[in-house]
Every structure is written in C-alpha cells, then in structure tokens.
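**Student:** next come a sequence and a model predicted from it.
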Amino acid sequence: MTTGGNIAARIKWVSKLFTHGRTIASLTPSSRWLSQAMCRDVDQSRPQTILELGAGMGPVTSTIHKMMHPKSTLISLEIDPELHTLVSQRCPDVDVVHGSAEDLEDILDARGIESVDCFISCLPTPSLPKEVNQHVLDVWSRRCVSGVFTQITQIPWWYQSMYGKAFHDVSFQLVGRNILPAGVYHCRNLRADYKSAERQYGK
Ligand SMILES: C[S@@+](CC[C@H](N)C(=O)[O-])C[C@H]1O[C@@H](n2cnc3c(N)ncnc32)[C@H](O)[C@@H]1O
C-alpha cells in the first residue's frame with residue numbers, strides 16, 4: 001500500500017471502529033509483528049489448509065499468504081462487506097469469503113474441506129455471542145488435526161483465564177510492536193466439558 005493508501009485505510013478502519021466497535025475491537029489493523037506471530041504454525045515447507053477468521057483489512061491474510069507453501073490453501077472469512085471487498089482486492093489469490101463464523105461448518109463443507117492444519121482466529125471472541133464461539137470451537141475440535149487454536153488479543157493476558165475455561169493448555173505470546181501491545185494465545189486440548197454452561201464464553 002502507498003502512504004496515501006495507508007492513511008485512507010486507517011481512516012476507513014477508524015470509521016468502522018466507531019460504527020461497529022464490538023465486532024472490529026481493535027484500534028488499528030495488526031502490525032507486521034503481530035501478523036507474523038499469528039502465523040507461528042504456518043509452514044513454508046509443506047502444503048497446508050489454513051483458515052483465518054476475521055480478515056479485517058488483511059494484514060494477517062497477506063502475511064499468511066507470503067509465508068505459506070505455494071500449494072497451501074488459504075480461506076479467509078470476513079463478515080463486513082466493505083472489508084471483504086477490500087481484502088479480496090488486496091489478496092486476489094486468496095479465497096476471501098464474505099460470511100460469518102456462525103456459518104463456518106457450511107462454508108467449509110461447501111469447499112469440501114474436511115480438515116484444517118492452521119486455525120487462525122482474529123475474531124473479537126470476547127464480544128461475540130456464546131453460540132458463535134461455541135460453533136467455532138465445535139468446528140475446530142472436529143477439523144483441526146494439528147490441534148492448535150490460535151487467537152489474537154488486543155489486551156495482553158486479560159482473557160487468559162477465559163480461554164482456560166475451554167482449553168487445558170493456553171500459552172500467551174506478547175507482541176509489543178503494535179500500536180498498543182497485543183498478543184497471541186496458542187490453545188490446545190479442549191476440555192471435555194467445554195459445552196457446559198460454566199465453560200462457555202462470549203456475550
Ligand atoms: C480484531 S479485527 C482483526 C482484523 C485483522 N485480522 C487484523 O488483524 O487487523 C476483527 C475482525 O473480525 C471481523 N468479524 C467480527 N465478527 C465476525 C464474524 N462473526 N464472522 C467473521 N468475521 C467477523 C470484524 O469485521 C473484523 O474485521
């Protein structure tokens with residue numbers, strides 16, 4: 001992006017933040033460093049099926065695309081129509097899907113995708129309805145063979161215990177080089193009772 005394009009993109013992001021604060025949930029698009037941290041499990045040496053939820057303006061999408069094996073498949077989901085169009089233009093080789101995470105099962109089925117190697121969630125998980133988070137975890141538990149649930153956060157450590165409600169193992173990676181320090185949760189081993197009322201999280 002040019003500097004002018006960058007400024008225009010930031011203005012658009014801030015206007016989205018004002019109109020859809022809870023679904024956007026971050027002050028700016030992720031920095032290069034945060035995007036790279038989200039790609040910890042993207043493997044350049046072998047083809048993978050990679051899923052990104054919540055593409056926004058595409059900083060993580062384009063980083064995955066740069067880092068992945070040329071024969072990997074990347075599906076990126078975005079609920080906002082304008083952002084979807086923007087990322088589709090920015091990453092023309094990526095299957096950018098306009099839709100909601102609550103329809104994830106159908107979206108993967110429609111593409112014949114049975115398993116996902118990298119499951120990368122940029123969703124504003126704490127502000128989503130419980131049912132949407134539950135659906136995402138259900139899909140992850142059935143389809144993610146690597147067993148890592150990668151989740152972005154804009155508030156370091158704050159939600160660690162929330163993710164600990166659903167997963168036995170949660171590790172946090174701090175990323176200081178972002179407009180506000182942010183980070184990534186790497187979650188494994190879903191708890192057997194993750195569907196119980198005490199284990200669910202979201203609005
Ligand atoms: C925190 S932003 C992250 C954007 C981008 N990946 C980044 O790192 O800069 C969250 C994104 O998730 C999208 N989103 C929110 N709810 C969604 C849903 N139910 N399904 C798909 N995308 C959603 C928002 O529109 C927003 O673009």
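**Tutor:** Perfect, thanks for sending it.
**Student:** the ligand contacts on this structure?
**Tutor:** Where the chain comes near the ligand, counting by Cβ under 6 Å from any ligand atom, the residues are 23-26, 29-30, 53-56, 59-60, 77-80, 83, 100-101, 122-124, 132, 152. The way it works is simple: take the backbone N, C-alpha and C, and place the C-beta from them, glycine included.
**Student:** can you give me the helices in the chain?
**Tutor:** Remark: helices assigned in the chain by DSSP state H are 3-19, 21-24, 32-38, 59-67, 81-90, 104-110, 130-143, 160-166.
**Student:** I'd like to know the average pLDDT value across the last one.
**Tutor:** Helix 160-166 comes out with an average pLDDT of 96.
**Student:** likewise stretch 134-142?
**Tutor:** Regarding stretch 134-142, the rounded mean pLDDT is 97.
**Student:** check which residues of that stretch are buried.
**Tutor:** Within stretch 134-142, the residues that count as buried by 16 or more other Cβ atoms under 10 Å are 134-137, 139-140.
**Student:** looking at the closest residue to residue 188 other than its chain neighbours now. What's its pLDDT?
**Tutor:** Closest residue to residue 188 in three dimensions, ignoring its sequence neighbours and counting by Cβ to Cβ, 6 or more residues apart in numbering: residue 169, at 4.3 Å. For residue 169, the model assigns a pLDDT of 97.
**Student:** residue 16 too?
**Tutor:** 70.
**Student:** put the alpha carbons of stretch 87-101 into PDB.
**Tutor:** What follows is stretch 87-101, C-alpha atoms only, in PDB (Å, rounded to 0.1, in the frame of the first residue of the first chain):
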ATOM      1  CA  VAL A  87      -9.200  -7.800   1.300                       C
ATOM      2  CA  SER A  88     -10.400  -9.600  -1.900                       C
ATOM      3  CA  GLN A  89      -8.700  -6.800  -3.900                       C
ATOM      4  CA  ARG A  90      -5.600  -6.700  -1.700                       C
ATOM      5  CA  CYS A  91      -5.200 -10.500  -1.800                       C
ATOM      6  CA  PRO A  92      -6.600 -11.600  -5.100                       C
ATOM      7  CA  ASP A  93      -5.100 -15.200  -4.800                       C
ATOM      8  CA  VAL A  94      -6.800 -15.900  -1.500                       C
ATOM      9  CA  ASP A  95     -10.300 -17.400  -1.200                       C
ATOM     10  CA  VAL A  96     -11.800 -14.500   0.800                       C
ATOM     11  CA  VAL A  97     -15.300 -15.400   1.900                       C
ATOM     12  CA  HIS A  98     -17.900 -13.000   2.800                       C
ATOM     13  CA  GLY A  99     -19.800 -14.600   5.800                       C
ATOM     14  CA  SER A 100     -20.000 -15.100   9.500                       C
ATOM     15  CA  ALA A 101     -18.100 -17.500  11.700                       C
END
